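Chemist: Below are the sequence and a predicted model; questions follow.
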Amino acid sequence: MKKSILITGGAGFIGSHVVKLFVEKYPNYQIVNLDALTYAGNLENLREIEGASNYKFVKADIQDSKSLEKIFNTYQISDVIHLAAESHVDRSITDPLAFVMTNVIGTVNLLNVAKAAWKENYHDHLFYHVSTDEVYGSLHDDSYFLETTAYDPQSPYSASKASSDHFVRAYANTYKMRTVVSNCSNNYGPNHFPEKLIPLCINNIKNNKPLPIYGKGENVRDWLYVKDHARAIDTVFHKGKAGETYNIGGFNEWKNIDIVRLLCKKMDEKLGREPGTSEQLITFVKDRAGHDLRYAIDATKIQKELGWEPSLQFEEGIEITIDWYLANEEWLKNVTTGAYQDYYEQHYTS
């Protein structure tokens, strides 16, 4: 094998799309998927490639350094693409320490194990840390997040991700490890755990349940189709310059309320309902604590330097996404009932 790449969090939403892309596109790479299979890790996302000769799954937690050492030794890991993270802001407000343990301590554990395994011979190894645009805080004007924008995290989640970003850069500076960081905007698409806005609304509309919208729904996010993010990660991994940061965005800003109304319109069409039916499900609820007003990524750097750009406009991507959820009712049922968590026991243990 040309490379043996450890992808952490590879059973999650974004991670599973990255794993599938790398397994299918690079048959001469060994892809090792590490995931703790917490509530959002779903091996059903990876059915298409689970029998591939260049793919291995390992159930482990990045908080467990002994398990990480064993994985590095067993699979002779040459590179890391680190996506494993607690990522839901609401959960971080309820339990900040869980985010510190996974996102900060887990990342430092991974850096330490990689540093020891690669024995300061870093020129053939890359530690790629995948982060979020939320580390930059909230925009209150017409500006955009640049790679040079000062960090200003506003939630326990974004604070934990900001800390992990700083540790990755510190290891590059102090130990001369080859690292790269990317900060991405909101993702959407197939296999998204239905606690997040778009899959939650699709599921609730389908089942005639309320659509809870924070505040007045005025918060603005930049949306990117998840497979375009996976392509960007592939591009940064192979073409990115060590020590650099790359912002990844969809050039695609939407207010939350406008997205929900678009989903209502599309779902009414697809379900054969009278126009306006699903909008009656919209319910405004008390705003989230510390809710950032606007995120917007300037992805000019990755576009100009590495040649990446989104392949889909939001209207195209949302059609594909809705169709996927409507065609995969069993997947959605398994996720919402928790039955998906049995998949590991059924398929990976004897």
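Modeler: Yep, it's here. Quantities reported herein were computed from a predicted structural model and do not represent experimental measurements. Numbering: from 1, shown residues only.
Chemist: where does the stretch 1-150 of the chain have low pLDDT?
Modeler: Within the stretch 1-150 of the chain, the segments meeting pLDDT under 70 span 1.
Chemist: and if we set it to 80?
Modeler: Residues of the stretch 1-150 of the chain meeting the criterion pLDDT under 80: 1, 88, 120.
Chemist: Longest helix in this protein, please.
Modeler: helix 156-175 (DSSP state H).
Chemist: List the buried residues for that one?
Modeler: Neighbour counts over helix 156-175 (16 or more other CB atoms under 10 Å) mark 156-165, 167-169, 171-172 as buried. Bear in mind the C-beta positions are built from the backbone N, C-alpha and C, glycine included.
Chemist: what's the answer for stretch 181-196, then?
Modeler: Per 16+ other CB under 10 Å, stretch 181-196 contains these buried residues: 181-194, 196.
Chemist: which residue ranges form the strands in the protein?
Modeler: Remark: strands assigned in the chain by DSSP state E are 3-8, 29-35, 55-59, 79-82, 126-132, 179-184, 186-188, 211-214, 220-225, 245-248, 253-255, 282-285.
Chemist: Need those in JSON lines (columns: distance to residue 147).
Modeler: As requested, the strands of the chain are exported to JSON lines (distance: least, CB to CB, whole Å):
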{"stretch": "strand 3-8", "distance to residue 147": "23"}
{"stretch": "strand 29-35", "distance to residue 147": "27"}
{"stretch": "strand 55-59", "distance to residue 147": "32"}
{"stretch": "strand 79-82", "distance to residue 147": "18"}
{"stretch": "strand 126-132", "distance to residue 147": "11"}
{"stretch": "strand 179-184", "distance to residue 147": "8"}
{"stretch": "strand 186-188", "distance to residue 147": "18"}
{"stretch": "strand 211-214", "distance to residue 147": "29"}
{"stretch": "strand 220-225", "distance to residue 147": "15"}
{"stretch": "strand 245-248", "distance to residue 147": "4"}
{"stretch": "strand 253-255", "distance to residue 147": "19"}
{"stretch": "strand 282-285", "distance to residue 147": "35"}
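Chemist: Tell me which of those sits nearest to residue 95.
Modeler: Closest approach to residue 95 among the strands of the chain (CB to CB): strand 126-132, 18.2 Å.
Chemist: Strand partners (parallel or antiparallel) of the closest one?
Modeler: Sheet pairing of strand 126-132 (DSSP bridges) gives strand 79-82 (parallel), strand 179-184 (parallel).
Chemist: of those strands, which approaches residue 288 most closely?
Modeler: Taking the strands paired with strand 126-132 one by one with CB to CB, strand 179-184 is closest: 20.6 Å.
Chemist: Run the angle between that closest one and strand 220-225 for me.
Modeler: 110 degrees (axes from the mean of the first three to the mean of the last three CA atoms, to 10 degrees).
Chemist: Identify all contacting residues around strand 179-184.
Modeler: With contact meaning CB atoms under 8 Å, 6 or more residues apart in numbering, strand 179-184 is reached by 126-133, 135-136, 145, 147, 165, 168-169, 171-172, 224, 229, 232-233, 236-237, 240-249, 297, 302.
Chemist: Report the angle between that strand and helix 156-175.
Modeler: Here strand 179-184 points in a direction 160 degrees away from that of helix 156-175 (the same axes, to 10 degrees).
Chemist: Please work out the average pLDDT along strand 179-184.
Modeler: Averaged across strand 179-184, pLDDT comes to 98.
Chemist: Output it as CSV, nothing but the C-alphas.
Modeler: Extracted as CSV, the C-alpha positions of strand 179-184 are listed here (Å, rounded to 0.1, in the frame of the first residue of the first chain):
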residue,chain,number,x,y,z
THR,A,179,0.1,19.6,9.6
VAL,A,180,-2.7,21.3,7.7
VAL,A,181,-6.1,22.7,9.0
SER,A,182,-9.3,23.3,7.1
ASN,A,183,-12.3,25.2,8.5
CYS,A,184,-15.6,24.4,6.8
